[in-house]
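**Student:** below: sequence and its predicted model.
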Amino acid sequence: MLIILDRDGVINEYDGNYICSADEWHPIPGSIDAVARLCSAGHRVAIATNQSGIARGYYDTDELDAMHEKLERMVEAAGGCIDFIAYCPHHPDDHCDCRKPLTGLLEQIRSHFHLTSLQGAIMVGDSRKDLEAGFAGGCQPVLVRSGNGKETERHLDARPIPGARVTIYDNLSAFTDALLSAEGW
């Protein structure tokens, strides 16, 4: 199964401020191991992340690459592999097609894996944008309460995503536990 993860707030700590360097990039406890466990169980893992800090001039693509290299090294050291990372470097006002909640990043992932659709894939995120993109892209949306997830969860009851069945877990590790035990899947 293909598991698509948002980055900030799902894999790494995120408090709403831009993460501008590899030194500032810190994994959420248990997240690196969760990715490795998904891989060990035979799942493919991709990342879809909005990174408007590039367009805003907070960091450049070299620094983003350094953050992703750090992530990949940590996952590999734990026995896993990130198969593909898709990111949107654009400002929200650029009206690109890749910034979540649009599905351009998911289309990049679909194309990378030579899939006809993302039916059966899971999109794990901590924001409404992640859930909306995942659902629109044909994925099962999963919300984690880490990062912005608790705030997102508060608003889902009042404003559900039409047609979507969103499952909710405390963090990536809890989602991985449930998936690997086949609980609810």
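**Tutor:** Ah, there it is.
**Student:** so which helix or strand takes in residue 158?
**Tutor:** Residue 158 belongs to no helix or strand when elements are defined using DSSP states H and E.
**Student:** what about the longest strand in the protein?
**Tutor:** As assigned by DSSP state E, the longest strand anywhere in the chain is strand 44-50.
**Student:** got the CA positions of it in PDB?
**Tutor:** Provided in PDB are the C-alpha atoms of strand 44-50 (Å, rounded to 0.1, in the frame of the first residue of the first chain):
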ATOM      1  CA  ARG A  44       5.800   2.400   0.100                       C
ATOM      2  CA  VAL A  45       6.100   5.800   1.700                       C
ATOM      3  CA  ALA A  46       6.000   9.200   0.000                       C
ATOM      4  CA  ILE A  47       5.900  12.700   1.300                       C
ATOM      5  CA  ALA A  48       3.700  15.600   0.100                       C
ATOM      6  CA  THR A  49       4.600  18.900   1.700                       C
ATOM      7  CA  ASN A  50       3.900  22.600   1.200                       C
END
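**Student:** pull out the buried positions in the longest helix belonging to the chain.
**Tutor:** Counting residues, the longest helix found in the chain (DSSP state H) is helix 61-77. By 16 or more other C-beta atoms under 10 Å, the buried positions in helix 61-77 come out as 63, 64, 66, 67, 68, 70, 71, 72, 74, 75. Backbone N, C-alpha and C define where each C-beta goes, glycine included.
**Student:** isn't the fourth one up against residue 27?
**Tutor:** To tie it back to what came earlier, the one meant is residue 67. No: contact status for residue 67 versus residue 27: not in contact, 11.1 Å apart, counting by C-beta atoms under 8 Å.
**Student:** for the residue sitting furthest away from the middle of the chain, give its distance to residue 46.
**Tutor:** In the chain, the residue that sits farthest from the middle, by C-alpha atoms, centre = their mean, is residue 158; the gap is 23.6 Å. Between residue 158 and residue 46 the computed distance is 31 Å (C-beta to C-beta, to the nearest Å).
**Student:** how about the strands in the protein?
**Tutor:** Going by DSSP E, the chain shows strands at 2-5, 44-50, 84-88, 122-125, 140-144, 167-169.
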